[in-house]
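Colleague: This is the structure alone, sequence omitted:
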């Protein structure tokens, strides 16, 4: 059983996770999502505001992400040396017309740490910063080139996704084998209808990927005839990033 202090911290972190979409939320919305009493939610939100992790809009009385997270984000950005990858991401995006990104694994998700500048290929609804491993090319690349056991695959959640995403560990295991055989991961509208993504490991230390490289675009750009060319360009970029980060 968790101690009261640990339980409070876990609840606060869970509440903070409600704001990943970048929206402003009211107390009742957060309480409903978390299954908590409004009074408890109000106390947790107040503590997060006091710590700087959330801000309270004085006009709407709703909550949004605070400045402290931007500070921590900049620290993580420097620690992971993402600035070394950004010129390569931009060059790949400029050459292909797609958007490129670099991600790291965190639990059951791939977290995007850096991306090329916005372009038409992104669409107006950009891909989130945290995406599930099973339904993303970035996640598949991180899994395929790591020591991923069948037991680990069985513990992954297989939502969210679309009807095109894999449904369970057996199907994902086959997909990872195919990924290693062809040398790249592929997401064919498994997260967002109308978009495809190529994923490659960035092997900065030995043969285990610390990062993954993604190249994402609409289906009319990422047509089958272009995929081999895009993969070769992405492989060159992944190698250049790996060399620069060693």
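Modeller: Yep, that arrived. These figures come from a predicted structure and were not determined experimentally. Numbering: from 1, shown residues only.

Colleague: Which elements pack onto the longest helix along the chain?
Modeller: Longest helix in the chain, counting residues (DSSP state H): helix 227-245. If contacts are counted by 3 or more CB pairs under 8 Å, 6 or more residues apart in numbering; DSSP states H and E, helix 227-245 sits against helix 86-96, strand 99-106, strand 195-202, strand 211-218. Using the backbone N, CA and C atoms, a C-beta is placed for each residue, glycine as well.

Colleague: Show me the contact partners of it.
Modeller: Helix 227-245 is contacted from outside by 81, 84-85, 88-89, 91-92, 95-96, 98, 100, 102, 183-184, 186, 198, 200-204, 210-211, 213, 215, 222, using CB atoms under 8 Å, 6 or more residues apart in numbering.

Colleague: Out of the residues you listed, which end up buried?
Modeller: When the contacts of helix 227-245 are checked for burial by 16 or more other CB atoms under 10 Å, the buried set is 85, 88-89, 91-92, 96, 98, 100, 102, 184, 186, 198, 200-204, 210-211, 213, 215, 222.

Colleague: Near residue 33, how many residues? Count them for me, please.
Modeller: If you count neighbours by other CB atoms under 10 Å, residue 33 ends up with 14.

Colleague: nearest spatial neighbour of it, skipping sequence neighbours?
Modeller: For residue 33, ignoring the flanking residues on the chain, the nearest one in space by CB to CB, 6 or more residues apart in numbering is residue 18 at 5.4 Å.

Colleague: distance of the spatially closest residue to residue 241 that is not a sequence neighbour from residue 77?
Modeller: Excluding the flanking residues, the one nearest residue 241 by CB to CB, 6+ apart is residue 85, at 4.7 Å. According to CB to CB, to the nearest Å, residue 85 stands 11 Å off from residue 77.

Colleague: Mutual contacts of these two, please.
Modeller: residue 114.

Colleague: could you point out where the protein is predicted with low confidence?
Modeller: 1-5, 118-128, 206 (pLDDT under 70).

Colleague: where along it do the strands fall?
Modeller: Here the chain has its strands, by DSSP state E, at 54-56, 63-65, 99-106, 109-115, 130-132, 185-188, 195-202, 211-218.

Colleague: would you turn these into a markdown table with distance to residue 240?
Modeller: Below are the strands of the chain laid out as a markdown table (distance: least, CB to CB, whole Å):
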| stretch | distance to residue 240 |
| --- | --- |
| strand 54-56 | 39 |
| strand 63-65 | 33 |
| strand 99-106 | 12 |
| strand 109-115 | 14 |
| strand 130-132 | 24 |
| strand 185-188 | 19 |
| strand 195-202 | 10 |
| strand 211-218 | 10 |
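
Colleague: so how many other residues sit close to the residue lying closest to residue 176 once chain neighbours are set aside?
Modeller: In space, residue 176 comes closest to residue 144 once its chain neighbours are excluded; the distance is 4.5 Å by CB to CB, 6+ apart. Close neighbours of residue 144, defined as other CB under 10 Å, add up to 24.
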